[in-house]
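1. fold the following and give me the result.
(3 chains)
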Amino acid sequence: MDIYKALVDIVGEEFVSRNEEELYIYSRDSGLTEREKPDFVVMPGSAEEVQKIVLLANKYKIPLIPVGASLTLSGLAVPIRKGIVVDLRRMDRIIEVNRLGRYAVIEPGVTQGKLKAFLERNYPDLCHSMPDAPPSATVVGNILIHGQGNLSQLYGFNSTMVTGLEIVLPTGKICRIGSCSLSPYWFAVEPLPYLAGIFLGWFGTTGIITKLGLRLYPRKRLRDIEVFVLDDPEKVADVVYRITHTEMAEDVITMEQPYPMMFRDVVLVQIYFNGDSEEEIEFKRKMLWNSVMNYIRSRDGGFMFLTPDVQEDFLEKPASSVTRFADVMKGGGFVYCGAIIPVEKFAEALRKLKEIAKRHEITYGHVGRIVGRGHCMMFSFSFPFNRADRASMERAKEALHESYLATLELGGIPWKPELFAQKMILERMDKNAAELMKQIRGLLDPNGIMNPGNWEVEP
Amino acid sequence: MMDIHRCFRCGYCKFPDDFSKYNCPPYARFRFESFSPGGRLWLTRAFLNGEVDFSKHLSEIIFSCTACKNCAENCRMGFKDEIVDWIVSARREILERGLAPPFVRDFLENIRKYGNPWGLPRKQRADWLRAKKYDGDDYLLFLGCECSYEDRGRSMAKNFVEILERAGVSFGILGENECCDGNEVFMLGELGLFQELAERNKKTMSELGVQKVIAISPHAYNAIKSYEGFEVFHYSQILRDLIQSGKIKPGELRKTVTYHDPCFLGRYNGIYEEPREVLNSVPGLRLVEMERNRKNSFCCGGGSGNFVFDLLRGSYSPARERVREAAETGAEIIAVACPACKAMLDDAAKDEGLKDRVAVMDLSEIILRCGIS
Amino acid sequence: MFELKFDRAVCEDCTTVDCLVRCQYMDFDVEEAKREIMKLINGEDSVVLHECATCYACEEYCKRGNHPFYLITDLQEKKGIFPAPRPILRQWINLAIPGKKDFPHFPGAKEPVISLCLFPEYIGSIQGKLFEDVSVILGRHFFCQLVYLHFGKPSIIRERLPKIIENIANHGFKEVVFFHDECYSTFTSYANAYGIHVPFKPVHFFEYLYENLKKRESEIEPLNVKVAYQRNCSTRLTPWKEHYLDKIFELIGAERVERKYDRENALCCGGIIRSLQRYDLFVDVQKRNVEDMARANAEYCVFNCPACYSSLAKRVEEKGIKPVMIHELCKLALKRA
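-> Here you go, the predicted model:
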């Protein structure tokens, strides 16, 4: 069977490639992942085309790797066993926004940037929870890896904001989940049995999302930031507890890094808040200040005076400083272990991060995001490397692996783990739960074609 | 190119500043990551490292970049100003290794031999234009290749010459002594040829005692600015000055117009307002902006020689997307200030079947259309 | 190593106690003030050590040449009374540690030379007719360190200052123009009060601007604008150069509006007060100050200190008053010519 020709028949010649150049680019990501090249890259334009590709792949048992912007930095959208990369970014329609119901229905190729711009232009009082990934990251991709965004302190992981799904199942059936399965509205996945869970956090191993309903939230006219500075990491968890208690903050970010010097030896707790008026802003600011007044009085913590340029930098959405970390060593890359940990483990995690960095003679950075009212946090162990220096890449890789281990030791779970860490997680997971995962996959994907290699339980 | 590995392929470069649409012409056209600025840089590095062999497809990836500079405008990294240089260097490397694809080779060969990318006789450069040769006039009018040989460019030149004459401006042209300005030659990586062309033009101009140059093409404007030693104006600046000083007074034109910023005028040289001032000076004319304007303008796809070999052609071409965007504003006229944009958008309007709805007209044509006194 | 030259007798027979009575942030009558200042000169704890907003003004209020503010800061440190939280102080201490981008020597720099302190963002503004042929030095190796007066940590100043002075002196300059008022005050008032030798002559930026404007007097087209001046804290340490400002204003045709919070009655920009975590006071001080400027119909708010600019420019703009650094205003007057 001429698979290339079959793919051309499905999507047209312009959107299939078997050229070395595309195969090269899609065999790696911006982190440290470099793998064997896929056989083809294909860019479908509709759910029907996706369906045809899945049917084809099923028939010939060819691995399919669904890809958004491939920005996980942990190789989740890079083929492990060759096959067909399905780049979904041509499917980038914002199908519907229900203003009063505050939800949007989007295709998988819609980028964070596009949705942000679209809402700002057409629905200025609505927004979605935006991660600090580059704006080229896709909204659906972020949700499928349980990403977090600037509204996660308020509403939880971005994946909890899903109101409906349309999926091409590994067998080629198109399936709708949530209210959209029986109603013209995409308001919620409840009150039906919670099928959405079979697709969120599975890294594309259970199907290809072709539409997604997403909660939108009020966007206030003004946004501001206060940065609380501490020199004792042990106090961070309590500070976060007090701040989240006020329910005045939108987003709470922790930060610790050796450069610039002004950030050294201190932990920054960035508190974002918003309001429709100056009064609302000032009221919230006051509440936030009051919540940590004990630390101010004891001289253990204080709010930083932000010069306008620093303030502007902090308020940028998404924060490009996160991306710019890749240029710290003028080397074009960084990797990180995003540890999902209890907030009370902050100080210990920071200690481990510094130990790891020291041991591997590598510089580090930490940015964390509180999820829920302190229900947990994403704590990044970040390491820049120099793409032109193999040794530095090796050091970063080793530091990353140790960070995964440290995360598990802390009682945390590595977020969007690379293969190595997926294995570590599965080894430690309740055996019956791991077995359940395997059974579900076997049921959905009898031929094992969907992003194989990921979340695989060893026999 | 020592630092080319610094690209993280994060993708800020693909967008305008509000991230609303893909603003990199080849990426918007082809949609494979390999055609994004980051993909191109990574592949260039892989080619230099020997990880990827040279191929026709690789040359298309590298030469389809129009050097529109949107990437540099939106990149967040410390090396942003080097990105276009890296692309130019990659092309130079390909040329130096003797791997130039035929369309580039022909383009450069024609310029080398005939002084224009189409290989047309030098004699035809200005024999069609009734304008006096430069002879110590206030301004030298530099036409550039598109305005010398291409129909729509020629009409731009004719229109502007008519305005200059009616306004009593003292100017002259070089005629067949004008030589390609070399802007595209530079962008395609043939730096040696660019130097030759620049020297040749400089010599011609200096010998005639030229001090002030008006360029119709923003590409020529950009190149001549780099020659140094001349005061260079873009024709939109001259038009604006003629109107402001009252030398010409545009009549009424009740039309809705949108203006398309050329890359080499806008992002490269920061000239955004003068063309708009020209349009706003026309009584009755309503200027509306496209979603992407000024530093966020979406390139017509004609840069880096693509107005000749057009690697971005097809129904998803940037020019066609741009024409659709213009039509969405309700404009009846797309105003342009660059002969490459004019040809690209004019063809695109035809292909899109929008020709009856939106006319592609250059600034001079609009001014003449409304009548001047 | 360096001890404050402080004459307790001067305070003992002072009857007005202006240093504390005139304080804008603490409320004392003469009797209370006397009691508190006596505690201070005896090295005892005083409410002043806890409530001081560190505006430096008492240095100017004291007309008898003593150094009440320097005394306060020394005592704060001695007693471990820190006006700001520890981590904030830590940030400021780290901020001044030289990094890779800081150079201790500027080869080829020659007089006239302007020290830009730690304000690299102003390099581009030191251009044009007023700055022909000037050399610029800047960076952490030239940072005057005086800011620690705000944080009850003046020993750092004395510890780091000799090295800073050496870095400047190594260039062999006889005179150095200081862009940042705080630098000028460090190398004059502070160094003098502690007997720190400064082997070059510090010149205030005002004086430099005045002299150079004067040279180009014929090129000046008066601005005919009303301006409010935001005095920064360190001008209190060196009030003797303030007259240059009035002369500059006169030259460029700027009318310094009569207002409540100007000259000796000036208010802090608020930046430091916020860093000392006194948010309500910060809001109140900025509000009063800006409303006062607006009431006096100021068109511009003129800044001498980049830090004041950072802290107050936005507030001023909200009131429809244009914030401008003094040299930029001078350039405007020349530009028109």
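2. look up how far chain A lies from the residue in the stretch 151-300 of chain B that chain C sits nearest to.
-> Nearest to chain C in the stretch 151-300 of chain B, going by Cβ to the nearest Cβ, is B:Gly270, at a distance of 16.3 Å. C-beta here means a position set from N, CA and C on the backbone, and glycine is covered the same way. Distance of B:Gly270 to chain A, given as Cβ to the nearest Cβ, to the nearest Å: 22 Å.
3. how far out from the middle of the chain is the helix or strand hosting A:Ile271?
-> Per DSSP states H and E, A:Ile271 falls inside strand A:267-275. Centroid separation for strand A:267-275 versus its chain: 20 Å, with Cα atoms, centre = their mean, to the nearest Å.
4. my read: C:Ser105 touches C:Asn167, true?
-> For residue C:105 the amino acid is His, not Ser. Yes. Contact status for C:His105 versus C:Asn167: in contact at 7.4 Å, counting by Cβ atoms under 8 Å.
5. between these two, point out the one with more neighbours.
-> When neighbours are counted by other Cβ atoms under 10 Å in any protein chain shown, C:His105 and C:Asn167 differ, and C:Asn167 comes out ahead with 20 against 11.
6. excluding sequence neighbours, find me the nearest residue to that one.
-> Nearest residue to C:Asn167, sequence neighbours excluded (Cβ to Cβ, 6 or more residues apart in numbering or on different chains): C:His141, at 4.7 Å.
7. what sits against A:Arg441?
-> Residues near A:Arg441 by Cβ atoms under 8 Å, 6 or more residues apart in numbering or on different chains: A:Thr205, A:Thr206, A:Gly448, A:Met450, A:Trp455.
8. show me where chain B has strands.
-> B:139-142, B:171-173, B:212-215, B:231-234, B:256-259, B:286-288, B:333-336, B:359-362 (DSSP state E).
9. please disregard the earlier target; I meant the stretch 301-450 of chain A.
-> Assigned by DSSP state E, counting those that start in this stretch, the strands in the stretch 301-450 of chain A fall at A:301-303, A:332-341, A:366-371, A:376-386, A:413-415.
10. could I get these as CSV with mean neighbour count?
-> Listed next are the strands of the stretch 301-450 of chain A as CSV, based on neighbours: other Cβ atoms under 10 Å in any protein chain shown:
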stretch, mean neighbour count
strand A:301-303, 25
strand A:332-341, 26
strand A:366-371, 24
strand A:376-386, 26
strand A:413-415, 23
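11. quick one: mean pLDDT for stretch C:89-106?
-> Mean per-residue pLDDT for stretch C:89-106: 94.
12. next one: stretch B:144-163
-> In this model, stretch B:144-163 has an average pLDDT of 97.
13. just the C-alphas of it, formatted as PDB.
-> What follows is stretch B:144-163, C-alpha atoms only, in PDB (Å, rounded to 0.1, in the frame of the first residue of the first chain):
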ATOM      1  CA  GLY B 144      14.400  50.400  -9.600                       C
ATOM      2  CA  CYS B 145      13.800  47.200 -11.700                       C
ATOM      3  CA  GLU B 146      10.100  46.700 -11.000                       C
ATOM      4  CA  CYS B 147       9.200  50.300 -12.000                       C
ATOM      5  CA  SER B 148      11.400  50.000 -15.100                       C
ATOM      6  CA  TYR B 149      10.200  46.800 -16.500                       C
ATOM      7  CA  GLU B 150       7.000  45.500 -14.900                       C
ATOM      8  CA  ASP B 151       3.700  46.900 -16.200                       C
ATOM      9  CA  ARG B 152       2.300  47.900 -12.900                       C
ATOM     10  CA  GLY B 153       5.500  49.300 -11.700                       C
ATOM     11  CA  ARG B 154       5.800  51.300 -14.900                       C
ATOM     12  CA  SER B 155       2.400  52.800 -14.300                       C
ATOM     13  CA  MET B 156       3.500  53.800 -10.800                       C
ATOM     14  CA  ALA B 157       6.500  55.500 -12.300                       C
ATOM     15  CA  LYS B 158       4.500  57.300 -14.900                       C
ATOM     16  CA  ASN B 159       2.000  58.500 -12.400                       C
ATOM     17  CA  PHE B 160       4.600  59.800 -10.100                       C
ATOM     18  CA  VAL B 161       6.500  61.500 -12.900                       C
ATOM     19  CA  GLU B 162       3.300  63.300 -13.900                       C
ATOM     20  CA  ILE B 163       2.800  64.600 -10.400                       C
END
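14. how far off centre is that stretch?
-> Mean-position distance between stretch B:144-163 and its chain equals 14 Å (Cα atoms, centre = their mean).
15. likewise stretch A:310-326?
-> Relative to the centre of its chain, stretch A:310-326 is centred 17 Å away, using Cα atoms, centre = their mean.
16. could you do stretch C:95-106 as well?
-> Worked out by Cα atoms, centre = their mean, stretch C:95-106 lies 22 Å from the chain centre.
17. close to chain B, is that stretch?
-> No. If you take Cβ under 8 Å from any Cβ of the partner chain as the test, stretch C:95-106 misses chain B, and the best it gets is 12.3 Å.
18. can you tell if that stretch touches chain A?
-> Yes. Residues of stretch C:95-106 contacting chain A under Cβ under 8 Å from any Cβ: C:Leu95, C:Ile97, C:Gly99.
19. can you pull out the helices in the stretch 151-300 of chain C?
-> Assigned by DSSP state H, counting those that start in this stretch, the helices in the stretch 151-300 of chain C fall at C:154-169, C:181-185, C:191-193, C:205-215, C:243-252, C:271-275, C:279-295.
20. so of the ones you listed, which one's packed in deepest?
-> Ranked by mean neighbour count under mean count of other Cβ atoms under 10 Å in any protein chain shown, those are led by helix C:181-185, which reaches a mean of 28.
21. tell me the contacts of the residue nearest to A:Ala399 when sequence neighbours are not counted?
-> Excluding its sequence neighbours, the residue lying closest to A:Ala399 (Cβ to Cβ, 6+ apart) is A:His360, at 4.4 Å. Counting by Cβ under 8 Å, 6+ apart, A:His360 touches A:Phe383, A:Arg395, A:Ala396, A:Glu398, A:Ala399, A:Glu402.
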